[in-house]
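# Quick one: sequence plus predicted model below, questions after.
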Amino acid sequence: DAGVTQSPTHLIKTRGQQVTLRCSPKSGHDTVSWYQQALGQGPQFIFQYYEEEERQRGNFPDRFSGHQFPNYSSELNVNALLLGDSALYLCASSWTGSTDTQYFGPGTRLTVL
Amino acid sequence: GENVEQHPSTLSVQEGDSAVIKCTYSDSASNYFPWYKQELGKRPQLIIDIRSNVGEKKDQRIAVTLNKTAKHFSLHITETQPEDSAVYFCAAVNNNDMRFGAGTRLTVKP
């Protein structure tokens, strides 16, 4: 039973570039949430996808967008990268029947230079 | 939106002692409260959770209490061990929106 997976593990970009991060949910899960975790802080909710639509969104600008595919996997896209976007990006999956219980992937460490 | 405050930010205990971490939340509509443990360089791992219709839940050395009226909840770890050393995050969930506290760095000294 595969857990939540994310790719890539690490990524280095420069300011102004665009980045795409990927997440595959745990087997049996249909909901994916994305979080940004800056160093020394708690994860900050970006948005949640269910049935290929954004269901809930946190306080992040439109530069942050996402997508969910029919197989429930998801992508996080960030445009016009800023230095402050450097962080660990975590995705978490859950089953809509128990949406509250979320399980995290290992994260993607994004560094913006 | 929801605001979760967590205290203390750092906690150091001797092996075998108990550790208590406290959180408060602002949104009375929040109805689910998970606790995550994050070791250095690793993903947050769910260790225990509690729903708003329950006042207390225990799992071996870990327990969580919830006071809905006061809007606070706490994590209790008894008989701490060095492997309990990590950062612990509380969270409050309302309608698919999970908000985290800033974390508590727990150090258990052997």
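Perfect, I can see it now.
# Around chain B, which positions in chain A sit nearby?
Neighbours of chain B within chain A, by Cβ under 8 Å from any Cβ of the partner chain: A:4, A:31, A:33, A:40-45, A:48, A:55-56, A:58-59, A:90, A:99-107. No exception for glycine: its C-beta is placed from N, CA and C like everyone else's.
# give me that answer again for 10 Å
A:3-4, A:6, A:31, A:33, A:35, A:37, A:40-45, A:47-48, A:50, A:55-59, A:88, A:90-92, A:94, A:96, A:98-107, A:109 (Cβ under 10 Å from any Cβ of the partner chain).
# For PyMOL, write the selection for the buried entries among the residues you listed.
Typed into PyMOL, the line below selects the buried ones among the residues of chain A next to chain B, using 16 or more other Cβ atoms under 10 Å in any protein chain shown:
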select buried, chain A and resi 4+6+31+33+35+37+42+43+44+45+47+48+50+55+56+58+88+90+91+92+94+99+100+101+102+103+104+105+106+107+109
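# which ones among the residues of chain A next to chain B are found in helices?
Among the residues of chain A next to chain B, no member is found in helices (DSSP state H).
# Around residue 60, how many other residues sit close by?
In the absence of a named chain, chain A is used. Counted with other Cβ atoms under 10 Å in any protein chain shown, the neighbours of A:F60 add up to 15.
# To clarify, I was referring to chain B.
Neighbours of B:Q60 under the rule other Cβ under 10 Å: 9.
# Just the pLDDT for it.
Reported pLDDT at B:Q60 in the predicted model: 96.
# Let's test this: name the helix or strand in chain B with the lowest mean pLDDT.
strand B:97-100 (a mean of 90; mean pLDDT, DSSP states H and E).
# wait, does that one make contact with chain A?
Yes - contact of strand B:97-100 with chain A is found when judged by Cβ under 10 Å from any Cβ, involving B:97-100.
# mind giving me CSV with those residues and columns for neighbour count?
Below are the residues of strand B:97-100 next to chain A laid out as CSV (neighbours: other Cβ atoms under 10 Å in any protein chain shown):
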residue, neighbour count
B:D97, 20
B:M98, 27
B:R99, 22
B:F100, 23
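# list the contacts for the closest residue to chain A within chain B?
Shortest chain B-to-chain A distance, computed as Cβ to the nearest Cβ: residue-wise this is B:F100, at 3.5 Å. Shown in contact with B:F100 (Cβ atoms under 10 Å, 6 or more residues apart in numbering or on different chains): A:35, A:37, A:41-45, B:2, B:4, B:6, B:23, B:34, B:36, B:44, B:89-92.
# B:R51: which of the residues of strand B:97-100 next to chain A is nearest?
For the residues of strand B:97-100 next to chain A, the closest approach to B:R51 (Cβ to Cβ) belongs to B:M98, at 13.6 Å.
# what separates the closest residue in space to B:R51 that isn't next to it in sequence from B:V54, distance-wise?
Distances taken as Cβ to Cβ, 6 or more residues apart in numbering or on different chains place B:Y32 nearest to B:R51, at 5.5 Å, with adjacent residues excluded. For B:Y32, the distance to B:V54 equals 10 Å [Cβ to Cβ, to the nearest Å].
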